[in-house]
Each structure stands twice: as C-alpha cells, then as structure tokens.
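Asker: structure here, sequence nowhere to be found:
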C-alpha cells in the first residue's frame, strides 16, 4: 500500500480584536478588548448555518463561547463560567468544541484552582441541546485520583450512521501523575455529556506527551494522535471497540529540533517571540462517503531551528498506511506550517 505526503491548505477563524479592513471578508467574532487565544470552531452537521467557536479569555480568567446561526455573519458570545472574583483565584484554558448529530453542542476546557504552578487541574465540559438553549454548569469529566493534573483536552463526536456507537462523545487529554509520568487518556459519554466513562490509557510508551487530538471514522473507529515532545515525534493509535482499548500504535512523523529551554521541543518564531510554536497535531478522518471515505489525516506545525517554515521533502513525514478502518483506507501525514495572525 502506497503512502502519501499531502500538503493541505488551512482555514483559520480569527478571534483577534480589531476591526477588519475595508473590503475584507474577515469578521470580528469576539469584539472584546481582552486578549483572546486558542481559537477553535465546529459546524453543526444538522444545519450548516449553526457555528460554535471558543477561545481562552486570558485576562478575564474564563472561557469565551461564540455562536452563530447565520453561517458566521453575526456572532453572540457567552462565558463558559463566571470569571473569578479575585485575579488568579482560578484560571481556564484549552477550548474544544463539537456538535453531535442532533444539534447538541459541547465545549471542553481545563480549569485550575488556584491559578498557579503545581495546582490541581481538571477537565470540564459545558453542554446545551441546541444553539438557542442555555448552557449547563461545568461538568467535571473525571476525578484526578492519584494524578497531579489534566491538560489540553480535545473533543469529538461520533456522528457516523454506520457506527455502532453513533452519538458517543469522546474526550482525549494529557494526564500527569504525581511522579510526573505523562499519559494520553480518553473518556467517553453516551448521555449527552452528563456523565463520562473512566479514562482509558491510549499510549503504550513515551515520555513527555501532550497535545492530544481525537477523531472518529465512518465505521466508528476512534483515532487519537499526540506529540511526544521529548522524542520529537507525532504518534497515533486507534480503537475499534468504542475507545475501550487502543492498538496499532504508530509514529506518524519524526523531526529534528534545537531544544530551547523554556519551549521543550517547541520553537520561537519571529512573529511570536514571546511564545513557543509546538507541533500541535490534529487528526481528521474523511466521513463524507466519497471515494476517500475512511482516510485518516494528521496535520501539524513545523519549523526549522531558525524559526522559518520547514522544507517538506517527499517521504519525510509519510506513514506506512497500516492504520486502516477499511481495506481501502490509507493513512496520510500532512506536513503543515505555522500560521500566525496579528
């Protein structure tokens, strides 16, 4: 089976403050004076006019939720939870959004109390039945137990008619134990996000694991990708039993980086000198029913050590095609470049 190297165009939703220029198609979604970061967006599979987006509202100490019912022409905004009465009393980050086949909307994030290094941090979701309904109070997905904290969740819904788990919602994230052992874990909900299963470990090995991503194939296979920052590689595994067990662990891509002490395997680029650009892999599956249905893609950011866009060479990030949901399913690696917005 041949492998492929695919270069994909990226569509970016801008949540930065500031009016769009004359004649521009950009729409100011947030319309807020505070800094908004970590933009994410989802489209309602039952009605393409309904959009759901989110961002970190850092200075407020909360998460912002953005909704549109007219294909993104106009937007309303709400907070996922009230901001803290005192600065740094609590803080939230890492927004994720998803919409299921009945129009139910999901918004995931992490929250630490108090907001300081070493504080315990949990994964939460808020849910609502549709674009005009009220959001629930934050629902804690899983107890930490002996773990130190949870970080960087990603959310996806199984909306495939041919799946035995249709309607199931999946959350994947990094769990850090008290002995600083990193794991990628996954939990699921079958009742609209009200309760969640006990987290299942996804990875078999690895050291510093982060930036989990999750997607579901047309027959219900669950794919989770993540970044092993100590080994400079992107990994992926799949489950064919609704997220109970994971197999076919494969390295999707390897890359060379010059380690910057405060960035780990990340890199500083001229456009973002105060933050670090990490690989941040995103796994996607074609569920269109077309000729490439079931094909799996992984996109990620990459730069060379001076912060310039990395030169992609044939075969550099190719996958061997062994992660398959059907006989004609080919796994693809997408070499991406960092996109920064001002």
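Answerer: Great, that's in hand. Here the structure is a predicted model, which means the values were calculated and not measured.
Asker: I'd like to know which helix or strand in the protein has the lowest mean pLDDT.
Answerer: Sorted by mean pLDDT, DSSP states H and E, the helices and strands of the chain end with strand 5-6, the least confident at a mean of 28.
Asker: next SSE downstream of that strand?
Answerer: strand 36-43 (DSSP states H and E).
Asker: which element is encountered next along the chain beyond that next one?
Answerer: Once the chain leaves strand 36-43, the next helix or strand it forms, by DSSP H and E, is strand 51-57.
Asker: packing partners for that next one?
Answerer: strand 36-43, strand 62-68, strand 91-99, strand 105-112 (3 or more CB pairs under 8 Å, 6 or more residues apart in numbering; DSSP states H and E). C-betas here are computed from N, CA, C, even on glycine.
Asker: can you rerun that using 10 Å?
Answerer: strand 36-43, strand 62-68, strand 76-79, strand 91-99, strand 105-112 (3 or more CB pairs under 10 Å, 6 or more residues apart in numbering; DSSP states H and E).
Asker: any low-confidence regions in this protein?
Answerer: 1-24, 256-259, 261, 264-265, 271-272, 303-342 (pLDDT under 70).
Asker: may I ask you to name the longest strand in it?
Answerer: strand 147-157 (DSSP state E).
Asker: that one to strand 36-43, inter-axis angle?
Answerer: Strand 147-157 and strand 36-43 are oriented at 40 degrees to each other (axes from the mean of the first three to the mean of the last three CA atoms, to 10 degrees).
Asker: pairing partners for the helix or strand just after strand 147-157, with directions?
Answerer: Next along the chain after strand 147-157, taking DSSP H and E as the criterion, comes strand 169-177. Here strand 169-177 is paired, per DSSP bridges, with strand 147-157 (antiparallel), strand 182-189 (antiparallel).
Asker: kindly reformat those strands as CSV containing mean neighbour count.
Answerer: Formatted as CSV, the strands paired with strand 169-177 follow (neighbours: other CB atoms under 10 Å):
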stretch, mean neighbour count
strand 147-157, 22
strand 182-189, 22
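Asker: and residue 249, which of those is closest to it?
Answerer: strand 182-189 (10.5 Å; CB to CB).
Asker: ok, back up a step: with respect to residue 126, which of the strands paired with strand 169-177 lies nearest?
Answerer: The nearest among the strands paired with strand 169-177, by CB to CB, is strand 147-157 at 11.3 Å.
Asker: residue 75 contacts residue 31, doesn't it?
Answerer: Yes - when contacts are counted by CB atoms under 10 Å, residue 75 is listed as touching residue 31 (7.8 Å).
Asker: for the stretch 201-342 of the chain, what spans make up the strands?
Answerer: Taking DSSP state E, counting those that start in this stretch to define them, one finds strands in the stretch 201-342 of the chain at 209-216, 222-228, 233-239, 247-254, 267-269, 272-277, 282-285, 296-300, 331-335.
Asker: ok so, going back, of the strands paired with strand 169-177, give the one that comes closest to residue 288.
Answerer: Closest among these, once you apply CB to CB, is strand 147-157, at 16.0 Å.
Asker: so what angle separates the directions of that closest one and strand 91-99?
Answerer: Using the same axes, to 10 degrees, strand 147-157 lies at 30 degrees relative to strand 91-99.
Asker: related to what we said a few turns ago, mind putting the helices and strands packed on strand 51-57 into CSV with distance to residue 140 and mean neighbour count?
Answerer: Shown next, in CSV, are the helices and strands packed on strand 51-57 (distance: least, CB to CB, whole Å; neighbours: other CB atoms under 10 Å):
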stretch, distance to residue 140, mean neighbour count
strand 36-43, 20, 19
strand 62-68, 15, 23
strand 76-79, 18, 14
strand 91-99, 13, 23
strand 105-112, 9, 25
